[in-house]
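# Could you look at this predicted model? Sequence included:
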Amino acid sequence: MQSESGMREVRARLATARAVTVLTGAGISADSGVPTFRGADGLWRNFRAEDLATPEAFARDPRLVWEWYNWRRELIATKKPNPAHYAVADLERRLERCWLITQNVDGLHRTAGSQKLSEIHGNIWKVRCTRCSRVDENREVPIAILPSCAACGGLLRPHIVWFGESLASEDLARSYEALGRCEVLLIIGTSGIVYPAASFAPVAKAAGAFVVEINLDPTPHTELVDVSLQGRAKDVVPELFS
Ligand code: OAD
C-alpha cells in the first residue's frame, strides 16, 4: 500500500496504538546534512570500511582511524536535528510504551530529546577504553598524542560497533523486547542490509506488528511491510502524527 491511502492507514494506526517501536538509519539524518553510507555520496562510496571501521584497522593504524572519526565528528558537530528527529522524540512523550532503535551514531536523536533509545551501533561522541572497557562521553579527542583512558591509561577507541563486532547484548535484548511487543514498527531511512537490524522488520511482523517503512527508495523491506511511504523523512515523518 502506498501514498494517500497508506498515509491515512498509518495515521489511524498511530492514533490508537499504545506501543510503538521506531527503527532509524542514516536516511533520517540525511535531511540534517549528515552523509549516508550507501547513497550516491555515501561514505562507503569514498572510503573503504576495511581501512577505517574494523578492529583490525584500529590495531593496524589507530591514528588513521581516529583522524577519520574526528573528521566525522567535526562534520556532525555542525548539524542539527530535523523535523523527523523531533517528531520521533515527541512520540516518546505521548506514548506509554515507545522505544527507538537507531543505527545512527551521530547523537541527533538525543539532541532532539529522545531518551528511550538503543544506539545499537554506538555513539560517535563516546569513547571506550581498549583495556578496561570504560565508556565515557568525550567531545575533544586529541590525536597528536593518541587519547588514553583517565582510569587506567589504556588506548581509547571510538565507542562504535565496527564491522565484525557484535552488538552489546543489552541493546540486542532491549531491541528484541521492543520489537516483540509493539503494535506498530516504523522503519525510517535505512537500506535494510546491515544485520542484525536488517532482521528487525520480519521479527516485528512475525510478532504481529503493523510495519511501516519510510524511505526515499524501495529497499529489501518494501515487499514485506504493510505500508511503504516513499519520500524524505523530514517531510513524511511529521505528517504521520499531524
Ligand atoms: P545506508 O546509507 O545504508 O542507507 C540509507 C538509507 O536511507 C537508504 O535506504 C536511502 O534510500 C535512505 N534515505 C536517504 N536519504 C533519505 C531521506 N532524506 N529520507 C528518507 N530516507 C532516506 O544507511 P544505514 O541503513 O543506516 O554502521 O546503514 C546501516 C549501517 O551501515 C550504519 O549504521 C553504519 C553502516 O556501515 C556503522 O557505522 C557501524
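Structure received.
# right, and the secondary structure at residue 6 would be what?
Secondary structure, DSSP: H, G, I helix; E, B strand; the rest coil: residue 6 is helix.
# so what's it up against?
Taking C-beta atoms under 8 Å, 6 or more residues apart in numbering as the criterion, residue 6 is in contact with 227-229. C-beta coordinates here come from the backbone N, C-alpha and C atoms, glycine included.
# Would you confirm that residue 102 contacts residue 116?
No: with contact defined as C-beta atoms under 8 Å, residue 102 and residue 116 do not form a contacting pair (11.3 Å).
# picking up where we left off before, tell me which of the contacts of residue 6 fall in helices.
With helices defined by DSSP state H, no entry of the contacts of residue 6 lies inside them.
# Tabulate those residues (JSON lines), appending distance to residue 189, pLDDT and neighbour count.
JSON lines is the format used below for those (distance: C-beta to C-beta, whole Å; pLDDT from 0 to 100; neighbours: other C-beta atoms under 10 Å):
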{"residue": "227", "distance to residue 189": "15", "pLDDT": "97", "neighbour count": "21"}
{"residue": "228", "distance to residue 189": "13", "pLDDT": "97", "neighbour count": "21"}
{"residue": "229", "distance to residue 189": "11", "pLDDT": "97", "neighbour count": "23"}
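# how far away is residue 211 from residue 17?
When C-beta to C-beta, to the nearest Å is the yardstick, residue 211 and residue 17 sit 12 Å from each other.
# intersection of neighbour lists for those two?
In the contact map built from C-beta under 8 Å, 6+ apart, the residues linked to both residue 211 and residue 17 are residue 184.
# Neighbour count: those two, which is higher?
Each of residue 211 and residue 17 had its neighbours counted (other C-beta atoms under 10 Å), and the higher figure belongs to residue 211 (24 against 17).
# Now do the same contact list for that one.
The neighbourhood of residue 211, defined by C-beta under 8 Å, 6+ apart, consists of 184-185, 187, 201, 204-205, 221, 224-227.
# can you give me the strands in the protein?
Under the criterion DSSP state E, the chain carries strands at the ranges 19-24, 97-102, 117-119, 122-129, 135-137, 156-160, 184-188, 210-215, 227-230.
# So which of the ones you listed is nearest residue 40?
Taking C-beta to C-beta, strand 210-215 is the member of the strands of the chain nearest to residue 40, at 14.9 Å.
# what are the pairing partners of that closest one, and which direction each?
As defined by DSSP bridges, the strand partners of strand 210-215 come to strand 184-188 (parallel), strand 227-230 (parallel).
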